[in-house]
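# I would like to see how this sequence folds:
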Amino acid sequence: MTENVSYDVLVTSGNTTTTPVNGVELDPLIETFKILITCILAIVMFGMGSAVDLLDLKCVFKQPKGLILGLLCQIFMMPLLTYSLIKIASLTGIHAIVFMAVGCSPGGLFSNVISMMVDGDMALSIALTTCTNILAFATVPLWLLFFTSIEQISDELHIPYSSLAISLVSLVVPIILGILFRLKFVRIARYMAKGCGIFGFVLLIVTIVAMVIRNEVPLVFTVNSVLPVVFLPLIGMSLSYLLSCIPQLHLSSGARRTVAIETSIQNGNLSNNIVFLTYADNLTLFTSAVPITLLFSVAQSFYNVIMVFGYKGYRMWKTRHEEKDTVTLQSAVSYQNMDDSHIKARNYDFI
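Sure thing, here's the model as predicted:
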């Protein structure tokens with residue numbers, strides 16, 4: 001399943017043909033689009049798998065500092081940070097519940113695409129995404145139970161285990177096939193990985209635009225609900241990157257970027273399904289909950305797209321700067337050689 005992009009239930013208007021489910025109308029175009037994106041994303045994940053060297057993946061588990069840090073950031077830091085923002089912004093009721101569901105969700109599949117685009121550690125990225133989604137079967141219910149208990153909220157949240165399982169299968173199976181493909185066709189796998197990375201990035205932008213254009217749910221935002229949702233992925237990304245810079249961890253720059261990306265991108269599909277299964281039979285609550293997941297999906301996608309363009313711009317500038325330094329150094333060496341030649345010639349004439 002995809003994240004950042006899809007919503008299981010959307011209320012639509014106009015001339016679009018709809019099918020009522022639990023009192024809420026499904027947009028068939030969105031449902032078709034979701035199926036298409038899921039199939040395309042499986043191909044992208046195959047490409048991501050072909051970018052991973054099996055030896056690198058083994059090294060991630062043999063030297064698990066980056067993996068452990070990423071898991072701690074995703075499983076503990078993000079939920080705690082979400083809860084802190086809920087208290088600071090004084091969020092209550094359904095907004096607080098849905099925001100907490102977003103904050104404790106596992107890593108999203110598009111994090112692998114973004115990691116590749118910024119030359120991250122692909123083996124670490126795939127290991128983190130897989131492990132957080134597996135652990136989510138336990139961590140998500142526990143965090144939501146803890147939150148509703150400590151806040152004394154009597155609301156029975158429905159955890160979509162089937163959706164989580166589908167997300168896990170759609171992640172793991174194509175990646176395993178991609179890794180096996182790389183073992184036999186190394187040269188082709190390199191080109192395939194780069195092509196799928198670019199294709200996945202374009203897909204991310206297209207799905208964000210499509211999500212915003214096709215969404216016709218009456219969105220009601222307030223300042224105290226907008227600010228924490230918008231800043232959560234940015235704060236999570238920044239804090240996790242700073243933690244990854246601890247000298248004792250000895251993480252590479254690519255691994256640091258990967259930890260930051262994996263922490264900031266949540267499995268939006270899971271939080272969307274929690275909202276649907278819990279509130280689909282109450283249109284008022286449902287339309288009040290959807291803006292939280294929508295806003296977070298757009299925000300986390302926006303930050304990571306900016307990161308990609310910023311990184312690519314930096315790489316271009318650095319390459320040009322290095323080329324200029326190389327030319328300058330070559331010119332200096334040439335002048336030095338000319339001076340040495342003149343000195344030798346003078347000495348020869350003197351003799």
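# helices of the stretch 101-250 of the chain, start to end?
Shown for the stretch 101-250 of the chain, the helices assigned by DSSP state H, counting those that start in this stretch span residues 110-117, 122-150, 161-184, 186-214, 223-244.
# show me what the third one is packed up against.
In this case it means helix 161-184. Taking 3 or more Cβ pairs under 8 Å, 6 or more residues apart in numbering; DSSP states H and E as the contact definition, the neighbouring helices and strands of helix 161-184 are helix 28-50, helix 54-62, helix 122-150, helix 186-214, helix 268-279. Yep, even glycine has a C-beta here, placed from its N, CA and C like the rest.
# try it again at 7 Å.
Contact partners of helix 161-184 among helices and strands, from 3 or more Cβ pairs under 7 Å, 6 or more residues apart in numbering; DSSP states H and E: helix 28-50, helix 122-150, helix 268-279.
# which helices and strands sit right next to the longest one?
Identification of packing neighbours for helix 122-150 by 3+ Cβ pairs under 7 Å, 6+ apart yields helix 54-62, helix 65-72, helix 93-103, helix 110-117, helix 161-184, helix 253-264.
# show the pLDDT at Val118.
Val118 carries a pLDDT value of 89.
# which strand or helix spans the residue nearest to it when sequence neighbours are not counted?
Of all residues beyond its chain neighbours, the one nearest Val118 is Tyr311 (4.4 Å), with distances taken as Cβ to Cβ, 6 or more residues apart in numbering. Taking DSSP states H and E as the definition, one finds Tyr311 inside helix 283-350.
# any regions of the stretch 101-250 of the chain where pLDDT drops low?
Segments of the stretch 101-250 of the chain classed as low confidence (criterion: pLDDT under 70) are 154-160, 163-164, 167, 194, 197, 200-201, 203-205, 207-223.
# go again with 50.
Counting by pLDDT under 50, the low-confidence segments of the stretch 101-250 of the chain come to 217.
# most packed of the helices of the stretch 101-250 of the chain?
Mean neighbours per residue, mean count of other Cβ atoms under 10 Å, is largest over the helices of the stretch 101-250 of the chain for helix 110-117, with a mean of 28.
# compute the inter-axis angle for that helix and helix 122-150.
Here helix 110-117 runs at 140 degrees with respect to helix 122-150, directions being taken by axes from the mean of the first three to the mean of the last three Cα atoms, to 10 degrees.
# from Val275, how far off is Val146?
Wrong residue type there; residue 146 is Phe, not Val. Noted for Phe146: a distance of 19 Å to Val275, by Cβ to Cβ, to the nearest Å.
# many thanks, have a good one.
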